[in-house]
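Undergrad: Please work out how this folds:
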Amino acid sequence: MDEIKKTLNASIIKLLRPLVRLLLRNGVTYGDFADLSKWVFMDVAHREFGVPGRKQTVSRVSVITGLTRKEVSRLQKIETPDDSAISHQYNRAARVISGWMRDKRFLTKKGQPAPLHFEQGKHNFSDLVREHSGDIPPRAILDELLRVGTVVKDADGKVNLVTDGYVPRTGETSKLHILGTDVQFLLSTIDYNLQQGGQTPRFQRKVAYNNLPVEGLAEFRRLSAEKSQALLVEFDKILSQQDRDINTEVEGEGRKEAGVGIYYFERDVKEDE
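TA: Reported below is the predicted structural model:
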């Protein structure tokens, strides 16, 4: 086995361990995973590995993937797995939180997200939702944010923002949607950097030490969360100025999705490592 394939296989095993742990915990068997894998192999080969100027064929997909022609034909007839409804809900809720944190109309004099009446007053929660979440009913957004613990109602009935971002704390469906988006972005960046050969890499860094005492991590978890959130809020303000859904006067070609993701990791290190 050549060195590149050996290293790739070792990396795949590392990547799969937490994924398989998650799958088994949620009742997904190897057979389920194998079927999904076959579909993705077929779909990626069909969409991205064609010959320029030629129509992609079942035979070529079969050669690239190692699947039989019969299997490729069968897989092409299967409807694409879809979570667009959850994605729509996630994006809309996140937009409301982002708008609440940067739109001066919904901030206090000190620049903090202001407690908002649902409908009363000049700048209320319903105005916030209509301004930053399009045609989604304000009540639906409020119910979702209350459900996941992002907002609470105070004694006066005002809606208060208690977290800096929309991260579902309840509801496995919403949490698992984040798995599909966040890990996808990280792997896409790694793949892009490998293809570019160091010419124009996308930012991809981490800092880690592997001989840390348990007692030393609590403060680092707190500090890393605080500073990371502050950086993301700053980036949010910059990107939102260029987003054409928010600022319709922004011009330019194409439609790109871009951003920065930050995550904290921690694990036990075994003696043989």
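Undergrad: Stretch 124-134: which residues count as buried?
TA: Using 16 or more other C-beta atoms under 10 Å as the test for burial, stretch 124-134 gives 124-133. Quick note: C-beta positions are derived from backbone N, CA and C, even for glycine.
Undergrad: where does it sit relative to the chain's centre, distance-wise?
TA: How far stretch 124-134 lies from its chain's middle: 23 Å, per C-alpha atoms, centre = their mean, to the nearest Å.
Undergrad: Chain neighbours aside, what residue packs nearest to H123?
TA: Counting by C-beta to C-beta, 6 or more residues apart in numbering, H123 lies nearest to R105, which is 4.7 Å off, once chain neighbours are set aside.
Undergrad: what's the pLDDT at E271?
TA: Here, the pLDDT recorded for E271 equals 67.
Undergrad: oh sorry, the question was meant for S37
TA: 93.
Undergrad: Doesn't it belong to a helix?
TA: Yes. With DSSP: H, G, I helix; E, B strand; the rest coil as the criterion, S37 is assigned to a helix.
Undergrad: Kindly provide the distance from it to L223.
TA: Distance of S37 to L223, given as C-beta to C-beta, to the nearest Å: 39 Å.
Undergrad: same question, W100
TA: 25 Å.
Undergrad: Please identify which of these two sits among more neighbours.
TA: More neighbours surround W100 than the other of W100 and L223, with 26 against 10 (other C-beta atoms under 10 Å).
Undergrad: Can you tell me, leaving aside adjacent residues, what's nearest to the more buried one?
TA: P113 (4.7 Å).
Undergrad: doesn't M101 make contact with that neighbour?
TA: Yes. With contact defined as C-beta atoms under 8 Å, P113 and M101 form a contacting pair (5.6 Å).
Undergrad: Kindly state the pLDDT recorded for L239?
TA: At L239, pLDDT is 90.
Undergrad: and it, how many residues sit next to it?
TA: 14.
Undergrad: what do you get for the one 4 residues further on?
TA: Residue crowding around D243 was assessed by other C-beta under 10 Å; the count is 13.
Undergrad: now V61
TA: Counted with other C-beta under 10 Å, V61 comes out at 25.
Undergrad: isn't it right next to V72, touching?
TA: Yes. Counting by C-beta under 8 Å, V61 touches V72, with 4.9 Å between them.
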